[in-house]
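[1] task: produce atomic coordinates for the following.
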Amino acid sequence: MFDTLNHLFVLTLQHKYIWLIWARLRVNRTIRVVHVLNALKAGKEKLHVNIVVMRMFYIICWISVILQVLAILLYIFMERDQMLRSDDAGFNEIEELSKLELLEQAYMIIVATSSGTVLFELEHKFTVSSTLCIVMITLIFRFLITIFIAETAATIEAINQSKSYYRLFAVGLKHYMQTEDVSKPLSKRILEYINLLWTYHRGVQLPSLLHEAPTYLREAILNAMFGFHLRRHILLKHFHVDLVRQMAAHINVLVFFPGNYIAYEGDIDQCMYFIHVGEVEVISKDTIRSDIVKELLTTGDCFGLEQGLFGDTGHVFTYKVSRYSIIIALERKKWIQLLEFFPASGAMIEDFTNRRSRVYTPV
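    Below is the predicted model:
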């Protein structure tokens with residue numbers, strides 16, 4: 001069997017149309033290209049991706065594929081012209097370099113005719129069929145370039161529009177603080193935070209989709225993104241799984257930058273905090289000259305458990321961010337009513353309270 005296939009392959013190589021046949025047999029490679037394009041198309045629909053970059057990459061891939069297809073189509077016509085002029089000469093009598101030159105000329109012709117560039121000293125002599133092919137390819141590719149320019153302009157316009165809205169918001173806030181005589185140091189810190197928030201997150205702490213999404217969708221997204229913080233907590237991990245899932249729907253995502261304070265000693269904010277990314281300093285004594293750092297909390301740590309469980313408990317320490325951090329906050333008043341439907345979890349909190357020392361320590 002192997003000898004028969006080998007013999008057929010050798011005979012096929014001697015055929016003058018071998019390269020045309022070989023090119024058509026390699027059409028199966030198109031399946032890979034289609035798979036990549038489908039993956040990019042599916043990626044555009046995901047939530048946690050850069051839509052602008054993904055969309056531009058998707059369009060560039062499409063144009064690259066079409067450019068390759070049109071170049072190969074033009075190459076076939078040019079090769080056919082060359083074969084017709086070669087009288088009885090076989091296809092494999094043509095040197096490999098001439099094939100590469102023809103393919104390069106095909107790319108040059110498409111790019112030049114699409115961009116309006118003039119080409120000189122092309123060695124290939126075109127027939128009517130190849131000329132019509134070039135005209136058709138030029139029209140198709142100019143249409144694609146028009147679509148690419150339109151998409152790029154729309155993307156830039158969308159970015160500039162969101163930036164303009166954010167700038168108007170920042171200017172309005174600055175004017176309001178000046179009108180209300182807010183202290184200059186505080187105004188400076190707020191404006192610095194606004195600028196950093198645009199640099200890192202384009203001015204958005206939590207996507208508007210999550211604010212406007214139905215309860216079940218918001219619950220599913222936040223639980224998938226941040227629910228693991230609750231599920232591995234020393235106390236919350238023992239709660240009913242449905243309670244934890246519903247608690248995740250009330251999570252707030254906060255962005256802090258180096259030097260920002262999350263909570264001060266004595267603050268009663270009724271929030272427990274989880275460090276999703278970053279570092280937080282636990283300051284036991286905050287003075288004008290120096291801070292005494294008792295502990296350094298990193299990614300995955302949490303603090304403020306008592307404050308998030310009991311509404312009248314203040315923070316024992318001050319918490320200061322030492323580097324760019326994303327903090328997950330869970331406010332008591334947003335989820336405490338759920339305990340009515342999960343009495344066993346409520347009993348766990350009571351048992352935890354009875355076993356807890358009256359002296360507050362960071363959790």
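
[2] which strand residues bridge Ala329?
    Asn252, Tyr273 (DSSP bridges).

[3] how many neighbours does it have?
    Counted with other Cβ atoms under 10 Å, the burial measure for Ala329 works out to 19 neighbours. Bear in mind the C-beta positions are built from the backbone N, C-alpha and C, glycine included.

[4] residues touching it, list them.
    251-254, 271-274 (Cβ atoms under 8 Å, 6 or more residues apart in numbering).

[5] swap in 7 Å and give it another go.
    By Cβ atoms under 7 Å, 6 or more residues apart in numbering, Ala329 lies in contact with 252, 254, 271, 273.

[6] can you pull the pLDDT of it?
    Per-residue confidence (pLDDT) for Ala329: 91.

[7] swap in the one 3 residues further on?
    According to the predicted model, the pLDDT of Arg332 comes to 88.

[8] which residues sit against the helix or strand hosting Phe228?
    Using DSSP states H and E, Phe228 falls within helix 215-231. Helix 215-231 is contacted from outside by 47, 210, 236-237, 244-249, 251, 274, 276, 302, 328, using Cβ under 7 Å, 6+ apart.

[9] which members of those occur in strands, if any?
    Among those, the members falling in strands (DSSP state E) are 251, 274, 276, 302, 328.

[10] got a quick PyMOL command for the buried subset of those?
    For the buried members of the ones in strands among the contacts of helix 215-231, the matching PyMOL selection, counting by 16 or more other Cβ atoms under 10 Å, is:
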select buried, resi 251+274+276+302+328
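
[11] in CSV: the ones in strands among the contacts of helix 215-231, plus distance to Asn160.
    Shown next, in CSV, are those (distance: Cβ to Cβ, whole Å):
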residue, distance to Asn160
Ile251, 32
Phe274, 36
His276, 30
Cys302, 40
Ile328, 32
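
[12] wait, which of the ones in strands among the contacts of helix 215-231 is closest to Leu70?
    Relative to Leu70, the closest of the ones in strands among the contacts of helix 215-231 is His276; by Cβ to Cβ it sits at 47.8 Å.

[13] and stretch 60-80, how far out from the chain middle?
    31 Å (Cα atoms, centre = their mean, to the nearest Å).

[14] meant to ask about stretch 218-233
    Distance, centroid of stretch 218-233 to centroid of chain: 20 Å (Cα atoms, centre = their mean).

[15] per-residue confidence at Ile292?
    78.

[16] which SS class is it?
    strand (DSSP: H, G, I helix; E, B strand; the rest coil).

[17] cool, Val282 as well?
    Relying on three-state DSSP, one would call Val282 strand.

[18] so which elements touch the one helix or strand Met56 maps to?
    Following DSSP H and E, one finds Met56 within helix 51-85. Helix 51-85 is packed against helix 30-44, helix 96-115, helix 128-179, with contacts defined by 3 or more Cβ pairs under 7 Å, 6 or more residues apart in numbering; DSSP states H and E.

[19] tell me the buried residues in it?
    Residues 54-55, 58-59, 62, 67, 70-71, 74-79, 81-83 are the ones in helix 51-85 that count as buried (16+ other Cβ under 10 Å).

[20] and it, how far out from the chain's middle?
    Per Cα atoms, centre = their mean, the centroid offset for helix 51-85 relative to its chain is 28 Å.

[21] pLDDT (mean, whole number) over that helix?
    74.

[22] all set, thanks.
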